[in-house]
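Chemist: one predicted model, sequence on top.
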Amino acid sequence: DADGTRSFDLTAQAGSTEFSSGVDTDTWGYGQSYLGPTIVADRGEHVQINVTNDLAEATTVHWHGMHLPARMDGGPHQLVAPGDSWHPDFTIEQPAATLWYHPHANGETEHQVEMGLAGMIILHDDAERALNLPAEYGVDDIPVMVQDRRFDDAGQIATDVRGYIGPLGDQVLVNGTLGPYQDVTTDVVRLRLLNASSSRVYNFGFDDSRAFDLIATDGGLLEAPAPMDGIRLSPGERAEVLVNMVPGETVTLQSTPPELGLSARVNEQNAGADTLDVLELRAADALAAVGTVPDALVPADRLAQSDASQQRSFVLNGMNINNRLMDMGRIDETITADSTEVWTVENTMPMPHNFHVHAVQFQILRVGSGPPPPELSGWKDTIYLEPGTRYELIMQFGSDTDPDFPYMYHCHMLAHEDAGMMGQFVVV
Ligand code: C2O
Ligand code: CU
Ligand code: CU
């Protein structure tokens, strides 16, 4: 509008969705019956989001992956009561990336996300534009929000079949659609993969095992495309991939058994043995040329261990982090604004966990004693933790300070987060 602020309206509301024909499922969404609109914004833009809660229970909206002041973060302290509204505003001060938004009410996140509260955020910037990557939303730049769901006999969302990691669905929704396909009209497509599931870890690849190019991870573009034929994404993680298409072909994005670092039995109990079809890509008989995959993307801005002023360690043990459960009244870590820190994170139990940090994107210095693989070499805000492996993360905190409002770090398996596998930090 006139003062240069772009505004978005998100109204959390109850509704009903016909996922399968003739069956009405009770669902929630933001201004629609299931999920919410994709928020698209530019680096440097000032945005205001008008959140209204028309549900019968309190909720929050958290901007996962966004660098913003703690008061705008939408964590468990920013509850919006039924009938109330909340109007966070912030300036986008980070590179082009695929982020997302979802509720973060203490103990209620799994339920509210399962009902349908989640949406994608796409940030653009000049560096990304200069690369001429596929960027026509829904045509060659395709949001792929992946959720597993289970429906009971009455067609309602059910979360009673669970692994240690939380609810496990037997059907896959992409952007809220069962059995989805995408018509492809270009010779290269960019898929923005988002694991928006409560618990399931996916290993995305194609049914013909073709290679694709990974171009971006959680926080933005890599230095160069990384060719691969499968990428593991745990809940909350994102990956942008470029896929080459041939006229007239059909190829299916699948999830094959991910490497969870667990014994065969525990792996199976946590859906680690499942193969699922995710999204069928149907190429037209003639495809428009959208150019070649660039050799280089954006220069890596490497954080140096020698700049770190503080080292912290986080041990995930059972449902605890550093032997503590979440306490809304306790600040676990106090961090100095503008400082660089190294966080060592380790899952010491033979069960799956991951780790997400609000307010920053981090880089991974080491996985065990070695360098990170390509998919962990760029900006990340969420990582899967293979049991028994130490991950060393380096991150630089911003200059926004607030002694009263904390940010969160937590396991992003929503059942674990809800059970208290979360801690709080303030930046002062
Ligand atoms: Cu995606 Cu603290 O969350
Ligand atoms: Cu987050
Ligand atoms: Cu966990």
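Modeler: Sure, I can see it. Worth saying up front: this structure is predicted, and the values here are computed from it rather than measured. Ligands and ions are numbered 1, 2, ... in the order given.
Chemist: the closest residue to ligand 3 within the stretch 1-150 of the chain - nearest residue in space that isn't next to it in sequence?
Modeler: Relative to ligand 3, the nearest point of the stretch 1-150 of the chain is E110 (11.8 Å; CB to the ion). Heads up, the C-betas are built off the backbone N, CA and C, glycines and all. Excluding the flanking residues, the one nearest E110 by CB to CB, 6 or more residues apart in numbering is L414, at 3.8 Å.
Chemist: do M115 as well
Modeler: Leaving aside its chain neighbours, M115 sits nearest to W28 (4.0 Å; criterion: CB to CB, 6+ apart).
Chemist: what comes into contact with whatever helix or strand that neighbour lives in?
Modeler: Using DSSP states H and E, W28 sits in strand 25-30. With CB atoms under 8 Å, 6 or more residues apart in numbering as the contact definition, strand 25-30 has outside contacts at 10-19, 33-37, 55, 112, 115-117, 119, 151, 155-157.
Chemist: so who does the spatially most central residue of the chain touch?
Modeler: For the chain, the residue sitting closest to the mean C-alpha position, by CA atoms, centre = their mean, is G236 at 2.9 Å. By CB under 8 Å, 6+ apart, G236 lies in contact with 64, 100, 195, 354, 356, 381-382, 412.
Chemist: of all those residues, which comes closest to Y181?
Modeler: Taking CB to CB as the measure, Y181 sits nearest to N195 out of the contacts of G236, at 19.9 Å.
Chemist: go ahead and confirm that closest one touches R232.
Modeler: No - the criterion here is CB atoms under 8 Å, and N195 misses it with R232 at 9.4 Å.
Chemist: find residues that contact each of those two.
Modeler: Shared contacts of N195 and R232, defined by CB under 8 Å, 6+ apart, comprise 201-202.
Chemist: who has more neighbours out of the two?
Modeler: The residue with more neighbours, out of N195 and R232, is N195; 29 against 21, by other CB atoms under 10 Å.
Chemist: now do the buried residues in the least confident helix or strand in the chain by mean pLDDT.
Modeler: The weakest-scoring helix or strand in the chain, judged by mean pLDDT, DSSP states H and E, is helix 264-269 (a mean of 92). Counting neighbours by 16 or more other CB atoms under 10 Å, one finds that the buried residues in helix 264-269 are 266-267, 269.
Chemist: give me the subset of the residues you listed touching ligand 3.
Modeler: Among those, no residue sits close to ligand 3 (CB under 5 Å from the ion).
Chemist: could you dump those to JSON lines with distance to E341?
Modeler: Converted to JSON lines, the buried residues of helix 264-269 look like this (distance: CB to CB, whole Å):
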{"residue": "V266", "distance to E341": "32"}
{"residue": "N267", "distance to E341": "33"}
{"residue": "Q269", "distance to E341": "35"}
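Chemist: V161: which of those is nearest?
Modeler: Q269 (11.1 Å).
Chemist: that older thread, output the strand holding W28 as PDB, restricted to C-alpha atoms.
Modeler: This file holds the C-alpha atoms of strand 25-30, laid out as PDB (Å, rounded to 0.1, in the frame of the first residue of the first chain):
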ATOM      1  CA  THR A  25     -13.400 -34.100   6.400                       C
ATOM      2  CA  ASP A  26     -13.400 -31.500   9.200                       C
ATOM      3  CA  THR A  27     -10.300 -29.400   8.600                       C
ATOM      4  CA  TRP A  28      -8.800 -26.000   9.500                       C
ATOM      5  CA  GLY A  29      -7.100 -23.500   7.300                       C
ATOM      6  CA  TYR A  30      -6.200 -19.900   6.900                       C
END
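Chemist: what is the mean pLDDT for that strand?
Modeler: Average pLDDT, strand 25-30: 98.
Chemist: also stretch 315-335?
Modeler: Stretch 315-335 carries an average pLDDT of 97.
Chemist: tell me which residues in it are buried?
Modeler: Buried, per 16+ other CB under 10 Å, within stretch 315-335: 316, 319-321, 326, 332-333, 335.
Chemist: the buried residues of helix 264-269 also near ligand 1: which ones?
Modeler: Among the buried residues of helix 264-269, none lies close to ligand 1 by the criterion of CB under 6 Å from any ligand atom.
Chemist: what does stretch 413-422 contact?
Modeler: With CB under 8 Å, 6+ apart, stretch 413-422 has contacts from 106-110, 113, 162, 165-167, 198-199, 234-235, 316, 319-321, 325-326, 352-354, 408-411.
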